[in-house]
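A.B. asks: need coordinates for the below:
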Amino acid sequence: MLRLASSSPTRAELLRSADIAFMQQSVDFDEERIVSTCPKNFVYQATLGKYEANLKAFGYDDLPLLVADTVVASGGQILRKAKCAGDARNILMTQSSNITSIITCMIYQSKTMKIVDISTTEYLFDTFDLDDIEAYIQSGEWRGKAGACMVEGFCKKYIKSVKGYESTAMGLNTEILKRFL
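C.D. replies: Numbering: from 1, shown residues only. Alright, predicted model coming up:
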């Protein structure tokens with residue numbers, strides 16, 4: 001059993017699908033203060049901030065602690081969580097017909113080990129249909145998603161090629177985590 005220090009329902013579902021027992025409880029960390037133009041540096045700093053906040057709140061003596069963060073990069077830009085529908089539309093257009101990197105960092109800490117991993121999954125997307133984008137925007141499913149990206153949802157039919165694990169793109173590399181548990 002571990003403590004998932006994330007409010008993400010997708011990360012919780014990934015752990016359930018991987019048959020990893022967990023409880024979900026987290027303390028917020030404001031990643032808006034992070035200044036970085038390098039996606040891997042940004043996601044590491046965000047994960048480290050979450051780790052430190054949750055370590056202070058919960059420790060890892062009772063339960064191992066697991067934190068993660070994900071960032072999307074495409075067209076030479078870090079694509080953060082969209083703040084509004086117009087922002088989501090622009091972010092999606094950046095990914096259309098482009099290579100999009102989804103980078104997830106996780107930190108796992110128990111009494112006996114600490115794992116820090118940064119994994120990347122790259123997608124080459126076909127051109128997004130404008131009507132599909134509008135329907136996706138109206139659905140609201142993009143809210144709270146790094147880069148407004150859902151490879152298991154909206155983006156799935158546009159995937160031309162992929163390098164890496166889908167779990168990384170969904171927010172937690174369970175393939176690596178399972179090797180150590």
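A.B. asks: can you pull out the helices in this structure?
C.D. replies: Ranges of helices in the chain, per DSSP state H, are 9-17, 39-58, 85-95, 130-139, 166-170, 174-180.
A.B. asks: so of those helices, which one's packed in deepest?
C.D. replies: helix 166-170 (a mean of 24; mean count of other Cβ atoms under 10 Å). Bear in mind the C-beta positions are built from the backbone N, C-alpha and C, glycine included.
A.B. asks: tell me which of the helices of the chain lies nearest to Thr112.
C.D. replies: helix 174-180 (10.0 Å; Cβ to Cβ).
A.B. asks: so for the closest one, mean pLDDT?
C.D. replies: Averaging pLDDT along helix 174-180 gives 95.
A.B. asks: and stretch 2-22, by the same measure?
C.D. replies: 96.
A.B. asks: again, but for stretch 90-102
C.D. replies: pLDDT averaged over stretch 90-102 gives 96.
A.B. asks: same thing with stretch 161-171?
C.D. replies: pLDDT averaged over stretch 161-171 gives 95.
A.B. asks: and that stretch, how far from the chain's centre?
C.D. replies: Remark: stretch 161-171 is offset 10 Å from the chain centroid, using Cα atoms, centre = their mean, to the nearest Å.
A.B. asks: how long is it end to end?
C.D. replies: 19 Å (Cα to Cα, to the nearest Å).
A.B. asks: residues contacting it, please?
C.D. replies: Identification of contacts with stretch 161-171 by Cβ atoms under 8 Å, 6 or more residues apart in numbering yields 6, 8, 10-11, 14, 18, 68, 70, 102-104, 119-124, 146, 149, 151-152, 173-175.
A.B. asks: buried subset of the residues you listed?
C.D. replies: Among those, those classed as buried by 16 or more other Cβ atoms under 10 Å are 6, 8, 10-11, 14, 68, 70, 102-104, 119-123, 146, 149, 151, 173-174.
A.B. asks: next, give phi and psi for the closest residue to Trp142 other than its chain neighbours.
C.D. replies: Nearest residue to Trp142, sequence neighbours excluded (Cβ to Cβ, 6 or more residues apart in numbering): Ala148, at 3.9 Å. With angles defined as degrees, to the nearest 10, Ala148 sits at phi 50, psi 20.
A.B. asks: pretty sure Asn98 sits against Thr127.
C.D. replies: No - between Asn98 and Thr127 there is no contact under Cβ atoms under 8 Å: 9.5 Å.
A.B. asks: good, wrapping up.
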